[in-house]
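>>> Output the structure for:
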Amino acid sequence: MKKPFQKSRIPEQNAFVVKELVAPFFDKNWHFHPEYQLFWVKKGRGTRFVGDDMRAFKENDLVFTGPNLPHLWRNDLEYFEKGSSLETQGIVVYFPENFIGEELLAKEEFEELKILLEKAAMGMEIGGKTNEVIRPLLEGLVKKRGLERIIGLLEILQRLARSTEISPIVKSGYMNTNKESEKDRMSKVYAFVMDHFQRPVKLEEVADLINMSSSSLSRYFKSRMNKSFSDFLSEVRIGHACKLLQRENMNISEISYECGFHTLSNFNKQFKEKMKMTPLAYKKDFIHRFD
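Okay, the predicted model is just below:
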């Protein structure tokens, strides 16, 4: 079966693309594409979705993803408020699967790069000193041209390949079963949840949004995300609660309500199941670590 035609993010005359991003918020559409992607968040906060993984992101989040691994850097709600003066900045690199070429990649000299590219299928979070070293290299890459730009990218990939400060993002065995034609459908689901999680969300209204029955949406979502829709919604709410516990001077009851939970007891129960501690213990632990 032929793959559907996909317009590349890379112009035909270029080997790869590096862009500096400055905007009120990052692309809010859940998506995937055939290129490898290296993305550094220079400025901005929110929730990061990669494959079946969801976690908060902030400045200096640095992630390397392989071809067709779904992802979304969704900024916090305040970035979308009318009159907001908040701004996001980032640097993104796209390069194709055949960037090196199969014949060269099979050679002994490229073995460590081949292993790195294979690992990228799981998504890679880059931390520690490696993160600190890669960031200025990315800034320099934006300014380079011609062969220097190619060499600059290879240097970055070499450092990633030799780093021990890289962690896989998605769970072992995850596979993207989404079709190209389903991007808009899943993007609508993500956007709706991120816009409305602070109030009661019924499965029926989400299903109506994408012209599916509730039961069909349940099966569809779980087959694509390796988790139920209700678990996903709970994760979004708990993730927002963690941010409020870190940043806001609110009591636990106020945070529970702000995150869309019906009762304080339900909030405490779900938070403990997900975070392995109570909200109050989480807040105290965060204050202690950064005091």
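
>>> contacts, neighbours, all on C-alpha from now
Will do.

>>> how many neighbours does His196 have?
12 (other C-alpha atoms under 10 Å).

>>> who's in contact with it?
By C-alpha atoms under 8 Å, 6 or more residues apart in numbering, the contact set of His196 is empty.

>>> How much space separates it from Gly123?
Distance check for His196 against Gly123: by C-alpha to C-alpha, to the nearest Å, it reads 28 Å.

>>> What of Arg135?
Arg135 is 18 Å from Gly123, by C-alpha to C-alpha.

>>> what's the answer for Ala191, then?
As judged by C-alpha to C-alpha, Ala191 and Gly123 stand 22 Å apart.

>>> Which elements pack onto the host helix or strand of Leu21?
For Leu21, the enclosing helix or strand under DSSP states H and E is strand 17-23. Judged by 3 or more C-alpha pairs under 8 Å, 6 or more residues apart in numbering; DSSP states H and E, strand 17-23 is in contact with strand 88-95, helix 128-143.

>>> So which of the ones you listed is the most surrounded?
Highest mean neighbour count among the helices and strands packed on strand 17-23 (mean count of other C-alpha atoms under 10 Å): strand 88-95, with a mean of 20.

>>> Of all the helix elements in the protein, which one is longest?
Identified as the longest helix of the chain according to DSSP state H is helix 229-247.

>>> Not counting that helix itself, show me its contacts.
Residues from elsewhere that reach helix 229-247 (C-alpha under 8 Å, 6+ apart): 47, 54-56, 193-194, 197-198, 218, 221-222, 250, 255-256, 259-261, 270-271, 274, 279, 282-283, 286-287.

>>> Show the buried residues in those residues.
47, 54, 56, 193-194, 197-198, 218, 221, 255-256, 259-261, 270-271, 279, 282-283 (16 or more other C-alpha atoms under 10 Å).

>>> Out of those, list just those in strands.
47, 54, 56 (DSSP state E).

>>> Look up how far Leu105 lies from the second one.
What it means is Met54. Taking C-alpha to C-alpha, one finds Met54 at 32 Å from Leu105.

>>> now Asn14
Counting by C-alpha to C-alpha - Asn14 and Leu105 are separated by 19 Å.
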